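Student: quick one: sequence and predicted model below, then my questions.
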Amino acid sequence: MINLLAQRAGVLHLGLANYGWFLAPDKALCLKLANATDRSRPLAGMCDSARCPQATHHPCHRPV
C-alpha cells in the first residue's frame, strides 16, 4: 500500500484551484499550449484546470 501511495504522491501537484495529477505528460494541456520541450513537470502558471483532463476539483477549491 505504501508503494502505491508513494507513486501517486510523486505525480500530484497541488494548486490553488485544483489538484493536478501529472500522470501523462502527453495529455497535459499546459505543456501543449507552451510547446514545452521539458516534459518532466507541469507548468502550474499555465494551468487551465477547466480544460485539462488531469486536473480535479474538490469542495475545498470552491472558495477560490
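Tutor: Right, received. Where do you want to start?
Student: quick check on residue 55: phi, psi?
Tutor: For residue 55, the backbone dihedrals (degrees, to the nearest 10) come out as phi -100, psi 140.
Student: now do residue 19
Tutor: phi -110, psi 130.
Student: can you count the residues close to the nearest residue to residue 39 once chain neighbours are set aside?
Tutor: Counting by CB to CB, 6 or more residues apart in numbering, residue 39 lies nearest to residue 25, which is 4.0 Å off, once chain neighbours are set aside. (C-beta placed from N, C-alpha, C; glycine too.) By other CB atoms under 10 Å, 16 other residues sit near residue 25.
Student: swap in residue 7?
Tutor: 9.
Student: again with residue 24
Tutor: Counted with other CB under 10 Å, residue 24 comes out at 11.
Student: which residue, other than its chain neighbours, is closest to it?
Tutor: residue 54 (7.1 Å).
Student: ok, now how distant is the one you found from residue 13?
Tutor: 9 Å (CB to CB, to the nearest Å).
Student: for the lengthiest helix in the chain, buried residues please.
Tutor: Longest helix in the chain, counting residues (DSSP state H): helix 2-9. Buried residues in helix 2-9, counting neighbours by 16 or more other CB atoms under 10 Å, are absent.
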